[in-house]
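Novice: next one to model:
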Amino acid sequence: MVTTSKAATGGRGTEKARTRTPRKTRAQATVSTSAPDPAKTLSPLSSLGQEVSNKVVVVTGASSGIGETCAIKLAAAGATVILAARTPAKLEETLARIKAEGGEAFAYPCDIADMADCDRFCQTVLENHGHVDILINNAGRSIRRSVQNSFDRFHDFERTMQLNYFGALRLIFGFAPLMLERRQGHIINISSIGVLASPPRFSAYVASKAALDAFSWCAASEFADSHVRFTTVNMPLVRTAMIAPTKLYDAFPALTPDEAADLVMKAVIEKPKRVATGLGLVGAVAQALTPDISEFVLNQAYRLFPDSAAARGSDTAAQMEGLPRNPLDLARKLFAQILGGVHW
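Specialist: Next up is the predicted model:
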């Protein structure tokens, strides 16, 4: 067991030294659907240390982006972190970073889209570590393509479901039995703001995330009296390698991986049913209360931002000329698009 300092774990000595409350980041200004434990509101770092110290935490997609940042934060707080990702070399880099900072972690290459590999991974982790306290299903893939351009691409939906839903489900099935037997455990699923807002061109991605959300809500009611909890994190846009190929996203505000990881740490500490940004909840309320207006607004976005050249199989030059290059240009184009379809 690696010993970490109070500064690293956020022990009580660190709590007393803090007199200023840090300004909230965008990621911290979120809404959860259950009240936090008053005993866990002293400071985020302190609370995280109290929650995960000496616990075994599995993080999938841990070789980059949100998963890597989560793993580093958890290890710094005293958790034993199990790193899972497809690429061994990248996984070893994350492992080296954690060990260099005095944390404890173990790397297990695993393709979450391969059910047999998921079974092997679960068996190996349980054999080597005995149990899992927290499972963070972070690994996933996104695809931005309209339904109209997907009629001959059914495999897009199969591949997305395989990783985002079936892979995550396989890990839950692998680790949940012992959680139920021990009467403690926490399963955190990294979902999407898209499940709340239903944006166009993300039907494959949103459907896969919605499936995992729905499963979790059903399973949570069955596991409640066994003290095994589920948390869904409806993550907004995050500036990671996954969105880099879509240049359109350069004009949109997005969280950093560090801010996104803070949302996940909030889930670890407070164990709410859901963690979501205000924008995501507004989208969900709009769809529930004013579905026609919501559909109209989303249709404007659909007409304003075309499929990428890759999604259409065409050249990028003409497309790039018409894309907004900054938030102000984006606002102007959106305003003009909406006004063009309104007759006063």
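Novice: so how far is E158 from L178?
Specialist: For L178, the distance to E158 equals 30 Å [Cβ to Cβ, to the nearest Å]. C-betas here are computed from N, CA, C, even on glycine.
Novice: residues of the lengthiest helix in the chain that come out buried?
Specialist: If you go by DSSP state H, the chain has its longest helix at helix 203-223. Buried residues in helix 203-223, counted by 16 or more other Cβ atoms under 10 Å: 203-213, 215-216, 219-220, 223.
Novice: which of the residues you listed has the weakest pLDDT?
Specialist: Note: of the buried residues of helix 203-223, the lowest pLDDT belongs to S203, at 86.
Novice: ok, now how distant is that residue from E93?
Specialist: Counting by Cβ to Cβ - S203 and E93 are separated by 34 Å.
Novice: now I143
Specialist: Going from I143 to E93 by Cβ to Cβ gives 26 Å.
Novice: which residues are contacting the longest helix of the chain?
Specialist: Contacting residues not belonging to helix 203-223 are listed as 137, 140-145, 147, 150, 156-157, 160-161, 163-165, 168-169, 172, 176, 180, 187, 189, 191-192, 194-195, 198-199, 229-230, 232, 273 [Cβ atoms under 8 Å, 6 or more residues apart in numbering].
Novice: what mean pLDDT does stretch 106-125 get?
Specialist: On average, stretch 106-125 scores 98.
Novice: can I see the domain layout of the chain?
Specialist: The record assigns the chain these domain ranges, following automatic domain parsing: 25-277, 288-340.
Novice: most tightly packed of these?
Specialist: Comparing the domains of the chain by mean neighbour count (mean count of other Cβ atoms under 10 Å), domain 25-277 ranks first with a mean of 19.
Novice: from memory N138 sits against S63, does it?
Specialist: No - in terms of Cβ atoms under 8 Å, N138 does not count as a neighbour of S63; the distance is 10.6 Å.
Novice: what mean pLDDT would you report for stretch 86-102?
Specialist: Mean per-residue pLDDT for stretch 86-102: 96.
Novice: ok now it, how far from the chain's centre?
Specialist: Chain-centre distance of stretch 86-102: 20 Å, with Cα atoms, centre = their mean, to the nearest Å.
Novice: same question, stretch 110-124
Specialist: 20 Å.
Novice: who's in contact with that stretch?
Specialist: Contact with stretch 110-124 is made by 60-61, 84-86, 108, 139, 159, 162-163, 166-168, 170-171, 174-175, as judged by Cβ under 8 Å, 6+ apart.
Novice: would you list the phi and psi of G78?
Specialist: Main-chain dihedrals, G78, degrees, to the nearest 10: phi 110, psi 10.
Novice: for S47, see how far away the residue nearest to it when sequence neighbours are not counted is.
Specialist: Residue nearest to G78 in three dimensions, not counting chain neighbours: S53, with 3.6 Å by Cβ to Cβ, 6 or more residues apart in numbering. Going from S53 to S47 by Cβ to Cβ gives 11 Å.
Novice: where does the chain dip in pLDDT?
Specialist: Applying pLDDT under 70 to the chain flags residues 1-46, 239-254, 302, 306-344.
Novice: could you rerun that using 90?
Specialist: Within the chain, the segments meeting pLDDT under 90 span 1-46, 141-152, 193-203, 235-257, 276-344.
Novice: okay, and the residue most central in space within it sits in which element?
Specialist: The C-alpha lying nearest the average C-alpha coordinate of the chain belongs to I190 (Cα atoms, centre = their mean; 3.1 Å). Assigned by DSSP states H and E, I190 belongs to strand 185-192.
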